[in-house]
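Colleague: Got a sequence here, can you build the structure:
(2 chains)
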Number of protein chains: 2
Amino acid sequence: MKISIIGSGNVASALAKSINQSGHTIDAIFGRDRKKASDLAQSVNSKAVDRLSDLPDNSDIYLLAVKDDAIVEVASAIRTETGILAHTSGATPINIFEGIQKNYGVFYPLQTFSAELEANFEELPICISANNSENEAKLKELAASICPNVYSISEEQRKGLHVAAVFANNFSNFLFSAAFDICNREALNFDMLKPLIRQTLRKIEIADPEKIQTGPARRGDESTISLHMKWLEKHAPEYSQLYEVLTEAIIKKYEN
Amino acid sequence: MKISIIGSGNVASALAKSINQSGHTIDAIFGRDRKKASDLAQSVNSKAVDRLSDLPDNSDIYLLAVKDDAIVEVASAIRTETGILAHTSGATPINIFEGIQKNYGVFYPLQTFSAELEANFEELPICISANNSENEAKLKELAASICPNVYSISEEQRKGLHVAAVFANNFSNFLFSAAFDICNREALNFDMLKPLIRQTLRKIEIADPEKIQTGPARRGDESTISLHMKWLEKHAPEYSQLYEVLTEAIIKKYEN
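Modeller: Sure, this is the predicted structure:
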């Protein structure tokens, strides 16, 4: 397949590398950051273009790995009769392309991308939607060539999945960050907590998280909860409300 | 060393096995659940006793792996002039032993113990406190014989560490549980999120969690936050407040 990639950030880079390795042709890469776009293009045997209108009009698929609020603008500037435009966003509806392009869809790799850590397409899922079954089949074909876990999901499912991903990734990281912060204030090395965090993960690999909930809130251990609340009010008051809301939510979930 | 163990739950079992493997003698095991205590005793070449007063009076160390609110009662029932009593609780102050025993301390393995998943003493830290330096040295000696990561920590540090552990383990598990719940409601397999969760963990192995926070709240992406809030209110209202509090906390942390 012939692919054009719009974007030169972490998602665009990961996709470009993986698509190139799978033997597809990357026709061109557009990125607002010209240096990054041209470095990326070089690394995947492609060329960078300076304007969206310079992208070829005959790519099979145009992957839009840009910020959510740039998708419409980019989609409007791409000229193609036959190519499928697909954004890579978890939160953006598919109908954002309506009236702008004929062939479109969503190509959503469910992962947290970063420059430091390579994305593992052997492991992560790619979620596909499209405006018709032919386009869906083509997007799935591309996805399947770089990744064994390809799912067709509905718009409603993608919305739910994106919310779930925020809980599973962004919010859990913030809790680790709170723990890090609390350790720092007591001159403790956060590394002390890493085995505990690793074990938490190992547990959810073998059991549903609902079934392995532990801790003072789960036990209804009010004296420990009250000790913790007092400690937080004195030493880290910015996490008091969070402790309270999480504790209440756990108590409520398991009270029956 | 000669060790008596009080308790037959997950912490007691993990400690007994590890201590036995390190070549110490386990004099006796007391557990309210006689069957469990005697099964455990058998597996570590020890014997179970039916009453606390039947424990030998000359063990070097008595490890109290019982519920927090049972520690005082157990400590009062053990007869020894020379042995050190140590509880294994993160939340219980050391001075709970004051006036009850002469030699005492805390032997706190920072981990989440469960029947399904073996504790890895090569990895987890054990945190030690004691009422004098001689007792501390003995507790550290035992700890070091089963685990390479032994720390002397203050009472204040242990309190903070226990709060941090609740964030890092109990609360993060609850977020995974929320994500699981949301997936279920949309007929999505929670396994789809596991690569994301694994990647979250890989990231904190190489960078401080504060420095790798991502997501709509971190970006200040109000339109996505508002989409998510609407979705939650309609599909999973019990997680709305949690979403809101976490989002506000993240925004506040990074606003400057």
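Colleague: excluding its backbone neighbours, what's nearest A:Thr80?
Modeller: For A:Thr80, ignoring the flanking residues on the chain, the nearest one in space by C-beta to C-beta, 6 or more residues apart in numbering or on different chains is A:Asp57 at 4.8 Å. (Glycine included, C-beta is placed from N, CA and C.)
Colleague: ugh, typo on my part, it should be A:Tyr108
Modeller: Closest to A:Tyr108 by C-beta to C-beta, 6+ apart is A:Cys127, at 4.4 Å.
Colleague: Report all helices and strands that the one helix or strand the one you found maps to contacts.
Modeller: Element membership for A:Cys127, per DSSP states H and E: strand A:126-130. Packing contacts for strand A:126-130, counted by 3 or more C-beta pairs under 8 Å, 6 or more residues apart in numbering or on different chains; DSSP states H and E, involve strand A:104-109, helix A:133-146, strand A:150-152, helix A:155-165.
Colleague: Would you list the strands that that strand pairs with, along with their directions?
Modeller: In the sheet, strand A:126-130 lines up against strand A:104-109 (antiparallel), strand A:150-152 (parallel) (DSSP bridges).
Colleague: Help me confirm that A:Gly9 comes into contact with A:Thr88.
Modeller: No - counting by C-beta atoms under 8 Å, A:Gly9 stays clear of A:Thr88, with 10.2 Å between them.
Colleague: and A:Gln213, what does it touch?
Modeller: A:250, A:253-254, B:170, B:173-174, B:177 (C-beta atoms under 8 Å, 6 or more residues apart in numbering or on different chains).
Colleague: The same query, at a cut-off of 10 Å, please.
Modeller: Shown in contact with A:Gln213 (C-beta atoms under 10 Å, 6 or more residues apart in numbering or on different chains): A:219, A:250, A:253-254, B:170-171, B:173-174, B:176-177.
Colleague: again, but for A:Phe174
Modeller: Going by C-beta under 10 Å, 6+ apart, A:Phe174 touches A:242, B:167, B:171-172, B:175, B:209-210, B:213, B:215, B:217-218, B:246-247, B:249-250, B:253.
Colleague: Let me know the helix or strand that it is in.
Modeller: helix A:172-185.
Colleague: what comes up buried for that helix?
Modeller: A:172-184 (16 or more other C-beta atoms under 10 Å in any protein chain shown).
Colleague: and what of stretch A:11-26?
Modeller: Result for stretch A:11-26 [16+ other C-beta under 10 Å]: buried residues A:11-20, A:24, A:26.
Colleague: mind listing the strands in chain A by residue range?
Modeller: In chain A, the strands defined using DSSP state E lie at A:2-6, A:25-30, A:48-49, A:61-64, A:84-87, A:104-109, A:126-130, A:150-152.
Colleague: Kindly provide the distance from the nearest residue to A:Ala75 once chain neighbours are set aside to A:His228.
Modeller: In space, and not counting its chain neighbours, A:Ala75 is closest to A:Ile100: 4.9 Å by C-beta to C-beta, 6+ apart. The gap separating A:Ile100 from A:His228 is 52 Å, by C-beta to C-beta, to the nearest Å.
Colleague: list the contacts for the residue nearest the centre of chain A?
Modeller: The residue lying closest to the centre of chain A (C-alpha atoms, centre = their mean) is A:Gln111, at 3.8 Å. By C-beta under 10 Å, 6+ apart, A:Gln111 lies in contact with A:10-11, A:14, A:117, A:119-121, A:123-126, A:165, A:169, B:195-196, B:198-200.
Colleague: switch the cut-off to 6 Å
Modeller: Contacts of A:Gln111 were listed using C-beta atoms under 6 Å, 6 or more residues apart in numbering or on different chains, and they are A:119, A:124, B:196.
Colleague: Check what pLDDT the closest residue to it other than its chain neighbours gets.
Modeller: Distance criterion C-beta to C-beta, 6+ apart; nearest residue to A:Gln111, sequence neighbours excluded, is A:Leu124 at 4.3 Å. Note for A:Leu124: predicted pLDDT of 94.
Colleague: Measure how buried A:Phe171 is and give me the count.
Modeller: Other residues near A:Phe171 come to 30 when the count uses other C-beta atoms under 10 Å in any protein chain shown.
Colleague: Which residues are in contact with it?
Modeller: Neighbouring residues of A:Phe171 by C-beta under 6 Å, 6+ apart: B:175, B:246.
Colleague: how about 8 Å then?
Modeller: B:175, B:215, B:243, B:246.
Colleague: Sort out which of those residues are in helices and list them.
Modeller: Secondary structure from DSSP state H places B:175, B:243, B:246 of the contacts of A:Phe171 in helices.
Colleague: The second one contacts B:His228, doesn't it?
Modeller: Yes - under the contact definition of C-beta under 8 Å, B:Tyr243 touches B:His228, with a separation of 6.4 Å.
Colleague: quick one: which of those two has more around it?
Modeller: Set B:Tyr243 next to B:His228 and count neighbours by other C-beta under 10 Å: B:His228 wins out with 25 against 22.
Colleague: Could you check what's spatially nearest to that one, not counting adjacent residues?
Modeller: A:Val163 is the one closest to B:His228 (C-beta to C-beta, 6+ apart), at 5.0 Å.
Colleague: Quick check: that neighbour touching B:Met229?
Modeller: No - applying C-beta under 8 Å, one finds A:Val163 not in contact with B:Met229, separated by 9.4 Å.
Colleague: So which of the two has more stuff around it?
Modeller: Taking other C-beta under 10 Å, A:Val163 and B:Met229 do not tie; A:Val163 has more neighbours (27 against 15).
Colleague: The more buried one and A:Tyr254: what is the separation?
Modeller: For A:Val163 relative to A:Tyr254 (C-beta to C-beta), the value is 22 Å.
Colleague: sorry, back to before: which neighbours do A:Val163 and B:Met229 share?
Modeller: B:Tyr243.
Colleague: Pull up the distance across stretch A:72-91, start to finish.
Modeller: Criterion C-alpha to C-alpha, to the nearest Å; first-to-last residue distance in stretch A:72-91 is 14 Å.
Colleague: Just the buried residues of that stretch, please?
Modeller: In terms of neighbour count (16+ other C-beta under 10 Å), stretch A:72-91 has its buried residues at A:74-75, A:78, A:80, A:83-91.
Colleague: any idea how far that stretch is from the chain center?
Modeller: Its chain's C-alpha centre and that of stretch A:72-91 lie 19 Å apart, by C-alpha atoms, centre = their mean, to the nearest Å.
Colleague: I'd like the mean pLDDT over it, please.
Modeller: On average, the pLDDT along stretch A:72-91 is 96.
Colleague: Equivalent analysis for stretch A:40-48, please.
Modeller: Averaging pLDDT along stretch A:40-48 gives 97.
Colleague: Domain map for chain A?
Modeller: Domains of chain A are assigned by automatic domain parsing as A:2-153, A:158-254.
Colleague: quick one on the thing from earlier: convert the C-alpha atoms of the strand holding A:Cys127 to CSV, please.
Modeller: Output in CSV follows, covering the C-alpha atoms of strand A:126-130 (Å, rounded to 0.1, in the frame of the first residue of the first chain):
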residue,chain,number,x,y,z
ILE,A,126,-5.4,-0.8,16.7
CYS,A,127,-9.1,0.2,16.6
ILE,A,128,-10.6,0.8,13.2
SER,A,129,-13.8,2.5,12.1
ALA,A,130,-14.7,3.7,8.5
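Colleague: Pull the residues that contact it.
Modeller: By C-beta under 8 Å, 6+ apart, the residues outside strand A:126-130 that reach it are A:84, A:86, A:94, A:104-110, A:136, A:138-140, A:143, A:146-147, A:149-155, A:157-158, A:161, B:192.
Colleague: Can you pull the phi/psi pair for A:Asn45?
Modeller: phi 50, psi 40 (degrees, to the nearest 10).
Colleague: That one touches A:Ile26, doesn't it?
Modeller: Yes - under the criterion of C-beta under 8 Å, A:Asn45 makes contact with A:Ile26 at 7.1 Å.
Colleague: Need the overlap of contacts for these two.
Modeller: Common neighbours of A:Asn45 and A:Ile26, using C-beta under 8 Å, 6+ apart, are A:Asn20.
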